[in-house]
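Colleague: Here's a sequence, model it:
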Amino acid sequence: MTSDHTSAAPDDAHGRRVPGRDVRRIGPVACILLTALVGCGVVLPWGPAAACRGGESLPPLAADGPPRTLDALWAGYDPRSEPLEAEVLREWEQDGIVCRVVRYRIGTFKNAAARMVGCYCFPKGRTGLPAILHLHGGGQSARPGVAEAGRGYASLSLNWGGNALRVGRPAVAWEGPNTDWGAVDATHPPQRSAVNHFAGSLAPDAFTLDAVESPRNAAWFLVLVAARRGIGFLEAQPEVDAGRIGAHGHSMGGRLATALAAIDGRIRAAVPSCGGAGCVDAALTDLPGCVKARPSALEAACVVDNPYLARLTCPMLWLSPTNDFHAPLDNMAVNWRRLPDDRVRFAITPHMNHRHGDAESITRHLWFDEHLRAAFAMPASPTLAFAVAGDGVPALTVEPDGTTPVRAVDVFYSTDPQVLVRFWRDGGAVREGGRWVARCPVMSVEEPFFAFANVTYELPPEQRGLPREPGEGPTDVFTVSSRPMILDPAALAAAGVRATDRPDRAIDDGSRGWRDWYRLNWDHPPLWTAATRKLRDPKWRGPDGARLVFEVRCETDNTLVVTVETNGWGAVRPGSPAVDHATVRELAGSTEWQTIGVELGDLVATRPEAGGPPADWRGVTQLSIGPSGEVVRDGRKTRVEGRPWKGPREIRNLRWEESTAGGRP
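Modeller: Below you'll find the model as predicted:
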């Protein structure tokens, strides 16, 4: 297949059609003249076509140096101006889906061609399809979008990182050509450059586009160029309706999807997952809780999310958990404030880091169904209102969109300024007519107050059972979140909030199941883990001289690895690493509850060089339990491999008791 796509008029920096600028129609004399002008340092209002700049796909640097604004960064680049030279490297079918490994030309940089490999899938025999461009995360690879195709989309997943692919059915390692960046390097992790140009360096090296410090040396820019060409690939496919293209990605791919939606108007809807939160300058001290940075002036103007966020016009769904390290929730709350409510929705999973619950992850499919297929109507974001009761306790009122049956309403809040290790309390919202009210007592008014609400709706019958991506479980509900709320101590004082809450040695009685925990590998009985940050909250923080006690049941002999993380993400001792301490308990098979007690002295650092047990419980940022895990035995790090857990996975009466002076159950 050859699919060379051209267009009657190029796009501006946002992908909009610009009349009267068809640079491919100028004559040879004009081409020579334009080349001479550029060579003499004349800055043109638009860039000459590749044919007029020595075959290069991007215009040369202006006489006054590298671009210093987003407009200047993208000026003169037309993603439609060069042939794609697209080709099919392999094709197969599965379950009525046509799957192809494809390759197209990204462009010519430093006199060498760069080519992108990806996976293109679509339902066989269909035309006029909406399409989705997928951008994988860091260190990951493209994947055939069979699930998206099964839902009625054409899907193109770009292998921008250049990592190994697995394709076919059954999936096997791809041995054909892979993404080739030519004379530059935008792979991740870097395969040739000694510098990771995703990590903030704009300095030149042998594999950067420019020989001076420049935002065009950021690998983010090169991948966005490739992604804009990928939109052109989708536009050219006979199965695709070019007016209905969306984009999504996870982690680094989420950041890329955000920027792509902002800079290219051909993207009609986007869903960044764990990416695109934006940057908060470390010099700003009035934004508690944010993960702060100090980008250079060039980065702040041309590379970080913020200048892109200011240009977003298409519908955006923010899909991220509360404790994500890559796209901190507080940063998003600050940087997305100006996106209008009618253009943005949120789906926030409590307690997770860099992954989603099933009720949240399905919203990505629903968002595209609404904006690319007109096959769904997402409820409006719930409103979240703050008030103070007569006793000084904050009261949060949630009003959901009632156009879809509501299954549940939950309010989560915290006063922990450290967003990555924050424990989100459940406010226990109670229904009062068409709204829900949660009382949210606090232990201090010296810390900021954070909150959001989740409204869980019933999934329409026609959406149930549709294909999902690997790792996405079945669900009959979906979640829409409110905008996150942040109130500083001054606002709390002005509202009359009082510190009325008190410490409690009873942490979790088990009556609420795992609501205050997050769970991993739950479908794998020997590998499951349950973790909570509840011990981080001062209400349930361990007193000096206490031991941690709880009860579990396991019907056959097994092990239980108890792991305590201290100083997670440097939250307690900034600049110092997090340290895990673990201990192992042998369980005798029984249907009865077994009591587990953990003293500080029982805990051994999983990195022997980290020293002895924790000095106290105050630095704990997470507790996790499971039948398997990493421990240190005889001075060496080893892994305990538990056996399949038999019987219900339950915990009860998690609490603090007085130390037994070295004894333990």
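
Colleague: Could you look up the SS state of residue 319?
Modeller: At residue 319 the chain is in strand, as set by DSSP: H, G, I helix; E, B strand; the rest coil.

Colleague: Name whatever forms a beta bridge with it.
Modeller: residue 273, residue 347 (DSSP bridges).

Colleague: any idea how far residue 483 is from it?
Modeller: Distance from residue 319 to residue 483, counting by C-beta to C-beta, to the nearest Å: 14 Å. Using the backbone N, CA and C atoms, a C-beta is placed for each residue, glycine as well.

Colleague: Settle it for me: which of these two has more neighbours?
Modeller: residue 319 (27 against 22; other C-beta atoms under 10 Å).

Colleague: Show me this protein divided up by domain.
Modeller: Domains of the chain are assigned by automatic domain parsing as 383-495, 506-658.

Colleague: now those domains as TSV including mean pLDDT?
Modeller: What follows is the domains of the chain, written out as TSV (pLDDT from 0 to 100):
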stretch	mean pLDDT
domain 383-495	96
domain 506-658	95
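
Colleague: now those as TSV including distance to residue 92?
Modeller: TSV is the format used below for those (distance: least, C-beta to C-beta, whole Å):
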stretch	distance to residue 92
domain 383-495	17
domain 506-658	28
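
Colleague: of those, which approaches residue 121 most closely?
Modeller: Closest approach to residue 121 among these (C-beta to C-beta): domain 383-495, 11.2 Å.

Colleague: Now do the closest one: distance from first to last residue.
Modeller: 19 Å (C-alpha to C-alpha, to the nearest Å).

Colleague: Any idea how far it is from the middle of the chain?
Modeller: Domain 383-495 has its C-alpha centroid displaced from the chain centroid by 20 Å (C-alpha atoms, centre = their mean, to the nearest Å).

Colleague: Same check on stretch 336-352?
Modeller: Worked out by C-alpha atoms, centre = their mean, stretch 336-352 lies 13 Å from the chain centre.

Colleague: Output that stretch as PDB, restricted to C-alpha atoms.
Modeller: C-alpha atoms of stretch 336-352 as PDB (Å, rounded to 0.1, in the frame of the first residue of the first chain):
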ATOM      1  CA  TRP A 336      -6.600  23.300  34.300                       C
ATOM      2  CA  ARG A 337      -8.700  25.900  36.100                       C
ATOM      3  CA  ARG A 338      -9.300  27.900  33.000                       C
ATOM      4  CA  LEU A 339     -10.600  25.000  30.800                       C
ATOM      5  CA  PRO A 340     -14.400  25.600  30.600                       C
ATOM      6  CA  ASP A 341     -16.700  23.100  32.300                       C
ATOM      7  CA  ASP A 342     -18.500  22.300  29.100                       C
ATOM      8  CA  ARG A 343     -15.300  21.100  27.500                       C
ATOM      9  CA  VAL A 344     -13.700  19.100  30.200                       C
ATOM     10  CA  ARG A 345     -14.500  16.100  32.400                       C
ATOM     11  CA  PHE A 346     -12.600  14.300  35.100                       C
ATOM     12  CA  ALA A 347     -12.300  10.600  36.200                       C
ATOM     13  CA  ILE A 348     -10.200  10.300  39.300                       C
ATOM     14  CA  THR A 349      -9.400   7.000  40.900                       C
ATOM     15  CA  PRO A 350      -8.800   7.300  44.700                       C
ATOM     16  CA  HIS A 351      -5.600   5.900  46.300                       C
ATOM     17  CA  MET A 352      -4.000   4.700  43.100                       C
END
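
Colleague: give the contact list for the spatially most central residue of the chain.
Modeller: For the chain, the residue nearest the mean C-alpha position is residue 274 (1.0 Å; C-alpha atoms, centre = their mean). By C-beta atoms under 8 Å, 6 or more residues apart in numbering, residue 274 lies in contact with 137, 250, 251, 254, 319, 320, 321, 324, 326, 327, 354.

Colleague: In stretch 366-386, which residues are buried?
Modeller: For stretch 366-386, a neighbour-count test (16 or more other C-beta atoms under 10 Å) marks 366-372, 375-376, 378-382, 384, 386 as buried.

Colleague: Just the ones in strands from those, please.
Modeller: Mapping the buried residues of stretch 366-386 onto strands (DSSP state E) picks out 384, 386.

Colleague: Which single one of the buried residues of stretch 366-386 is nearest to residue 168?
Modeller: Among the buried residues of stretch 366-386, and counting by C-beta to C-beta, the member closest to residue 168 is residue 368, at 25.9 Å.

Colleague: Nearest to residue 628 among the buried residues of stretch 366-386?
Modeller: Nearest member of the buried residues of stretch 366-386 to residue 628, counting by C-beta to C-beta, is residue 366, at 35.3 Å.

Colleague: coming back round to it: sort out which of the buried residues of stretch 366-386 are in helices and list them.
Modeller: Secondary structure from DSSP state H places 366, 367, 368, 369, 370, 371, 372 of these in helices.

Colleague: surely the first one meets residue 377?
Modeller: The reference is to residue 366. No - using C-beta atoms under 8 Å, residue 366 is not in contact with residue 377, being 9.2 Å away.

Colleague: For the ones in helices among the buried residues of stretch 366-386, give me CSV that also has pLDDT and distance to residue 344.
Modeller: Below are those laid out as CSV (pLDDT from 0 to 100; distance: C-beta to C-beta, whole Å):
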residue, pLDDT, distance to residue 344
366, 98, 14
367, 98, 10
368, 98, 15
369, 98, 17
370, 98, 13
371, 98, 12
372, 98, 17
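
Colleague: first vs last residue of stretch 346-362, how far apart are they?
Modeller: 12 Å.

Colleague: secondary structure element for residue 258?
Modeller: helix 252-263 (DSSP states H and E).

Colleague: May I have that helix as CSV, with CA atoms only?
Modeller: Provided in CSV are the C-alpha atoms of helix 252-263 (Å, rounded to 0.1, in the frame of the first residue of the first chain):
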residue,chain,number,x,y,z
MET,A,252,4.5,10.2,28.8
GLY,A,253,1.9,9.4,26.1
GLY,A,254,-0.7,11.4,28.2
ARG,A,255,1.5,14.4,28.1
LEU,A,256,2.0,14.0,24.4
ALA,A,257,-1.7,13.6,23.8
THR,A,258,-2.4,16.8,25.7
ALA,A,259,0.1,18.8,23.7
LEU,A,260,-1.0,17.2,20.4
ALA,A,261,-4.6,18.2,21.0
ALA,A,262,-3.5,21.7,21.8
ILE,A,263,-1.3,22.2,18.7
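
Colleague: Let me see the mean pLDDT of it.
Modeller: Per-region confidence: helix 252-263 scores 98 on mean pLDDT.

Colleague: same check, this time on stretch 274-290
Modeller: pLDDT averaged over stretch 274-290 gives 83.

Colleague: start to end distance for that stretch?
Modeller: 15 Å.

Colleague: Return the set of buried residues in it.
Modeller: 274, 275, 276, 277, 278, 279, 280, 287, 288, 289, 290.

Colleague: starting at the chain centroid, how far to it?
Modeller: 16 Å.

Colleague: Then stretch 243-253?
Modeller: 12 Å.

Colleague: hang on, the earlier thing: most neighbours among the contacts of residue 274, please name it.
Modeller: Result: residue 320 is most packed of the contacts of residue 274 (other C-beta under 10 Å), 30 neighbours.

Colleague: Please determine how far it is located from residue 456.
Modeller: Where residue 456 is concerned, residue 320 sits at a distance of 17 Å (C-beta to C-beta).

Colleague: Let's see stretch 529-541 as PDB, backbone CA atoms only.
Modeller: Taking Å, rounded to 0.1, in the frame of the first residue of the first chain, the C-alpha atoms of stretch 529-541 are listed here in PDB:
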ATOM      1  CA  THR A 529      -1.100  -6.900  47.300                       C
ATOM      2  CA  ALA A 530      -3.300  -4.600  49.300                       C
ATOM      3  CA  ALA A 531      -1.800  -1.200  50.300                       C
ATOM      4  CA  THR A 532      -3.000   1.800  52.200                       C
ATOM      5  CA  ARG A 533      -1.600   5.300  53.000                       C
ATOM      6  CA  LYS A 534      -4.000   5.500  56.000                       C
ATOM      7  CA  LEU A 535      -1.100   5.400  58.500                       C
ATOM      8  CA  ARG A 536       0.200   8.600  57.000                       C
ATOM      9  CA  ASP A 537      -2.900  10.500  58.200                       C
ATOM     10  CA  PRO A 538      -2.200  12.100  61.700                       C
ATOM     11  CA  LYS A 539      -5.500  10.600  62.900                       C
ATOM     12  CA  TRP A 540      -4.200   7.100  62.500                       C
ATOM     13  CA  ARG A 541      -0.500   7.700  62.800                       C
END
